[in-house]
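Engineer: coords please:
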Amino acid sequence: MTEETVRFGLLCSMFQAMLRDRTAGKKRKRLRTFLDRVYTGREYFSAVRLILPGLDRERGTYGLKESALANALVDALGISKDSDDARRLINWRKGGARSGANAGNFALVAAEVLQRRQGLASGGMTIKELNDALDRLASSENRGDKAAILSDLIKKTNALEMKWILMIILKDLKLGISEKSIFHEFHPDAEDLFNVTCDLKLVCDKLKDPTQRHKRQDIDVGKAVRPQLAMRVSNASTAWKKLQGKNVVVECKFDGDRIQIHKNGGEIHFYSRNFLDHTEYSHGMSGVILKNILVERCILDGEMLVWDTSAQRFAEFGSNQEIAKAAREGLESDRQLCYVAFDILYAGDTSVIHQSLTERQSLLQRVVKPLKGHLEILVPNGGINDVCAPGEPCWSIIAHSVDDVEKFFKETVERRDEGVVLKDLGSKWEPGDRSGKWLKLKPDYIHAGADLDALIIGGYFGSGRHGGEVAQFLLGLAERSDSGYPKRFVSFCRVGTGLSDEELDALISKLKPYFRKNEHPKKVPRFYEVTNNSKERPDVWIDSPDKSVILSITSDIRTIKSEVFAAPYSLRFPRIQRVRYDKPWHECLDVQSFVDLVHASNGNTQRRIDDGGLQTNNSMRTKTTKKKDKGSVSVVPAHFVQTDISSVKEETFIFANMMFYFINTPPLHSVEYFHKLVAENGGTFSMNLNDSVTHCIAAERKGIKYQAAMRHGDIIHYSWILDCCAQKRLLHLQPKYFLFLTESSKSKFQEEIDPSSDYYYLDLDIMDIKQIFNNMTGAENVQITEYYKKYCPWDTMRLFHGCCIYFCETANNRNVDSKVISELSVRRMRLEASMHGGEVCGSLSHATHLVAYSTSESYNFDEIYQSFPPAQRRFLHGKKLHIITHLWLEDSIQKGKRLPEDEYNLKPDTLEAINTDSEEGKQDHETHVTTSETEKQKFAEAVDISGKRKRGRPLGSINRKGRPGLKPVQRTRTRTGNRAVKLNQDEPVGDSSDEHGRGASESSEPSCQEVNEDKNDKDQGTHRAGPSEACGHLTEVNEEQDLRRDKVDEEPLDVHAIKDMKEGTSEKLEQMVDPLQAMLLDMIPTLSQKKVETSTSVPECEKPQPDPGATQVKKKVSYKDVAGELLKDW
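Structural biologist: Got it, this is the predicted structure:
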């Protein structure tokens, strides 16, 4: 298979598998399998250039980093820049609820956006098609063309493939395997060949067979070579030991661009250490190179710098591109490009990298003719050393001892150079080598920079594993204030290295509550002075300086004039030494002290160097650093360093025989302050928690140290110490001073204090009461409240918290279009209810709100009621259930607050008037409450059907208790007077209750109880009745049935028919032919009910069938006999 047939999806599958593999061996094996079994055509370059995109020089640069690529993707997708997806792409570094777990990884954030717009199936794009598209992307110059190419790629790929394409464009695949390992798996000689050619295509074309070794190729003019690199060492002694016994040259390490100059006749190339050809140097340097290099073909290794003709010295780093641009445009300037060559690799037609450094330096002097301020050579016995003024230090020396190295290093530091490089004069030049033949020593490696204490004023979101969280900090220096604490802080530098992951997490956790997002058009906090430069602008501000933390930072000794930050000077390569939790915010370094330090040290922040050691400059010492002896290195952690109390004098002995351990302290006081306060009053302190500690002191209940101290004993608030010192006596420990009491202490003092640590015999003041309340443990629901405060910071996100909403579609959505609209609207409202903190339920049993939706916005409560099964209708009577229109939900969301339900209520007043809580019904049944005569009179008037009443109109005054699941349409026997109908002769006549405690007011039902085979149904008490039954939704019948019903006592009954009805016959009254059956159903409603608790009807096949062989004998019985038979089970 070749590039024209191999699909890019197969390469993506290999990438995904390599991400899952834990070891490099498995990753290499997958690469070997792909090359052997998939890429059988051995045209490897098309695939390898995608695996190692950073080494591909055949294709130009894309001009697309993350920010530009985000904007191009927005255009390619055709989405608005104000849309959520566009903001996620543009603000891919930022964390938060909307950013998701992939914040900080642009490719993954883009894949999340794309997967909602692309299918899951691969588009079938081949590797050749992808390479052609990437070639067009690299050659296109305007943003519109790039967006069009990306749009075409999106159409032909899925989200997974597009994710890897974006990572290829960014030239960072994050496969967890090194470039060296990939080369080694491809071919044993691949790395060596690439080091001397820097040509990935050449490597792939020449080394197709891994079993066939390749003769080592030498360097050639016109092909970039990987530079030899220097190993880092910490001090001069270590460097000298590594090169002991060898001839050593020590050279100044210039601070410029490492450049290889290739001259091939009239053709000049300027290759950087990343083997990029910097053609911008051609205008300023090509003429100089052609005239002053005396051979036709040559490769020089050196440094491109800027020479200041007015000051007659090399300018500071950072102006190379500016001067090159000025030379290209023909602008006159006091500064010019200057190339310092320190090695030669090729001369004439011969490579000289196999010769010793001594031989190469001699050849360099013969090949290159120096031109002051334009072209120099760096050799110990000539070259640039010859132009040094008398008394000035040299740029290169032959070292004979470690003292020579230290002396030369001191001179370079005072000259504000980058450092020194030590080289073995007998060594060969090895491409890409860092084995130790060259060693570099820089001032910042030995902490020559002063430790400066600066305050965190802002933060920047990180990328990769720190994505979505603050990983870098903007530091500020204080402006001096005559009135005490500083009121403004000036931006100073940006720092992000020096802390471990654990230390960074701890610092972020402390500061996170005070982060404030820096969003347009919000202004910068008034106490910060900034330049608003794009490189300075943080993602978050610290809300208030007094909530921040001081960082002790170190850096390269050289300061630079600041254009990015508001301070006059800034630092190069700052790093965090430690976090100063012990220092209050107002004790950070101020601007004037820092400026004085820079001026006193000639533009450096270095410590004074004496005899090779680095010490603090006594003439101008920062406020926050202490003088250290030569070579002293603290091995004790900062929080264990003992406070110096040698100058403290004892004033009282109120803390005699007490040892204090301070867990944490308030922001206004440092731990050193409390240590000195204890020492002044006769006490002692410990830096760690041990058995000798008698009093644990804290300012707040949090932190690992606090948790450990809780196991040790009681914890006291720091205010107790301040009060004791203020009153010059040892105060009794009252409740307001305790942060924590152990159980043993509570039991010891149980006769003195109550469970809330309140003393029985001491009076309380306001502070005591407040402290007692603060010490009380919150209820469990407090955790829920805190959860919503944390994860639902906006009130609108918990708008319907506590609401359990059931959605119902009304029956008037009959046509297809209305039904579709209704389903979509209900689905949307379900999501909105959940999004705003509500709970969507599928049953009425736990619902607090029933929201009805109608496309026509016309509602009929009876239709809503009839849409529910009989067994569920009882829930509609609940007093706590709001039956409302969907407009309540819509209006509440629109106005951002939960509106009262009364304006949207659909439940009739009469429905709630007859509603009785099930617990009240149970209590009535158990205590046999007798209904008053007034209630009996009202009930009799309500059930009297002799008057005329419209069909289905509810009786508002009825207050009957029905059993669950009763049929909604029932009849009530006509009676005269206010007494209930007697069912047997033993029933008492009058107003007194029967033996079951039923009053006459309840006699609209028979006094007998219902037959129920399930005993649990009785234990649940009396349930709510259905509205049609309770409100008197009676169906009128013809006059003939009324006349026949009056003669019911004289009519015979069909016993089997009654049994059928008793067993669950559920026919409606209107369909019953026998009026006697209708009358019985009215008198004994349970005859129409199933003896099960479920709401589903019993299938016909499960109903008990009569025996076909049995002869049915009709028996004439009176109504009293039937009633007696029915009551025998009760």
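Engineer: what's the domain layout of the protein?
Structural biologist: 8-206, 231-441, 446-629, 640-775, 785-907, 918-1127 (automatic domain parsing).
Engineer: how about those in JSON lines, adding distance to residue 222, mean neighbour count and mean pLDDT?
Structural biologist: Any C-beta I mention is one placed from the backbone N, CA and C, and that applies to glycine too. As requested, those are exported to JSON lines (distance: least, Cβ to Cβ, whole Å; neighbours: other Cβ atoms under 10 Å; pLDDT from 0 to 100):
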{"stretch": "domain 8-206", "distance to residue 222": "10", "mean neighbour count": "18", "mean pLDDT": "87"}
{"stretch": "domain 231-441", "distance to residue 222": "5", "mean neighbour count": "18", "mean pLDDT": "89"}
{"stretch": "domain 446-629", "distance to residue 222": "35", "mean neighbour count": "18", "mean pLDDT": "76"}
{"stretch": "domain 640-775", "distance to residue 222": "60", "mean neighbour count": "16", "mean pLDDT": "83"}
{"stretch": "domain 785-907", "distance to residue 222": "61", "mean neighbour count": "16", "mean pLDDT": "84"}
{"stretch": "domain 918-1127", "distance to residue 222": "88", "mean neighbour count": "16", "mean pLDDT": "45"}
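Engineer: Redo these as CSV? Include distance to residue 221.
Structural biologist: CSV is the format used below for these (distance: least, Cβ to Cβ, whole Å):
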stretch, distance to residue 221
domain 8-206, 12
domain 231-441, 5
domain 446-629, 35
domain 640-775, 59
domain 785-907, 64
domain 918-1127, 91
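Engineer: Nearest to residue 212 among these would be which one?
Structural biologist: domain 8-206 (8.8 Å; Cβ to Cβ).
Engineer: How far off centre is that closest one?
Structural biologist: Relative to its chain's centre, domain 8-206 lies at 26 Å (Cα atoms, centre = their mean, to the nearest Å).
Engineer: gap between the two ends of that domain?
Structural biologist: 24 Å (Cα to Cα, to the nearest Å).
Engineer: before we move on, what about stretch 738-754?
Structural biologist: 14 Å.
Engineer: Tell me which residues are up against it.
Structural biologist: For stretch 738-754, contacts defined as Cβ atoms under 8 Å, 6 or more residues apart in numbering pick out 698, 701, 709-710, 713-717, 735, 755, 757, 759-761, 771, 775.
Engineer: With stretch 9-16 instead?
Structural biologist: So stretch 9-16 is contacted by 30-31, 34, 38, 47, 50-51, 122, 124-125, 127, 160-161, 164, 173, 175 (Cβ under 8 Å, 6+ apart).
Engineer: hmm, 7 Å instead?
Structural biologist: 30, 34, 38, 47, 50, 122, 127, 160-161, 164, 173, 175 (Cβ atoms under 7 Å, 6 or more residues apart in numbering).
Engineer: Columns distance to residue 804 on top of the residues you listed, output as TSV?
Structural biologist: As requested, these are arranged in TSV below (distance: Cβ to Cβ, whole Å):
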residue	distance to residue 804
30	52
34	55
38	56
47	57
50	54
122	45
127	56
160	40
161	44
164	46
173	49
175	49
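Engineer: which pair in those residues spans the largest distance?
Structural biologist: For these, and using Cβ to Cβ, no pair is farther apart than 122 and 175, which are 20.2 Å apart.
Engineer: which phi and psi does residue 456 have?
Structural biologist: phi -70, psi 120 (degrees, to the nearest 10).
Engineer: Restricting to C-alpha, output stretch 20-34 in PDB.
Structural biologist: C-alpha atoms of stretch 20-34 as PDB (Å, rounded to 0.1, in the frame of the first residue of the first chain):
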ATOM      1  CA  ARG A  20      -3.200   4.300  25.300                       C
ATOM      2  CA  ASP A  21       0.100   2.400  25.500                       C
ATOM      3  CA  ARG A  22       2.100   2.900  28.700                       C
ATOM      4  CA  THR A  23       5.600   2.000  27.700                       C
ATOM      5  CA  ALA A  24       7.800   3.300  24.900                       C
ATOM      6  CA  GLY A  25       8.500  -0.200  23.800                       C
ATOM      7  CA  LYS A  26       4.800  -0.800  22.900                       C
ATOM      8  CA  LYS A  27       4.700   2.500  21.100                       C
ATOM      9  CA  ARG A  28       7.700   1.600  19.000                       C
ATOM     10  CA  LYS A  29       6.200  -1.800  18.200                       C
ATOM     11  CA  ARG A  30       3.100  -0.200  16.900                       C
ATOM     12  CA  LEU A  31       5.100   2.100  14.700                       C
ATOM     13  CA  ARG A  32       7.100  -0.800  13.300                       C
ATOM     14  CA  THR A  33       3.900  -2.700  12.600                       C
ATOM     15  CA  PHE A  34       2.400   0.300  10.700                       C
END
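Engineer: Need the contact partners of it.
Structural biologist: By Cβ under 7 Å, 6+ apart, stretch 20-34 touches 14, 17-18, 175-177, 181-182, 185.
Engineer: now, which of those sits nearest residue 369?
Structural biologist: Distances from residue 369 to these, taken by Cβ to Cβ, are shortest for residue 182, at 43.4 Å.
Engineer: and the closest one, what does it touch?
Structural biologist: 31, 51-52.
Engineer: Which residue ranges of the stretch 451-600 of the chain form strands?
Structural biologist: 452-461, 470-478, 489-495, 515-517, 528-529, 540-542, 550-554, 559-561, 569-571, 575-580 (DSSP state E, counting those that start in this stretch).
Engineer: Make CSV from those strands and add distance to residue 870 to it.
Structural biologist: Listed next are the strands of the stretch 451-600 of the chain as CSV, based on distance: least, Cβ to Cβ, whole Å:
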stretch, distance to residue 870
strand 452-461, 59
strand 470-478, 60
strand 489-495, 72
strand 515-517, 56
strand 528-529, 69
strand 540-542, 59
strand 550-554, 72
strand 559-561, 84
strand 569-571, 80
strand 575-580, 69
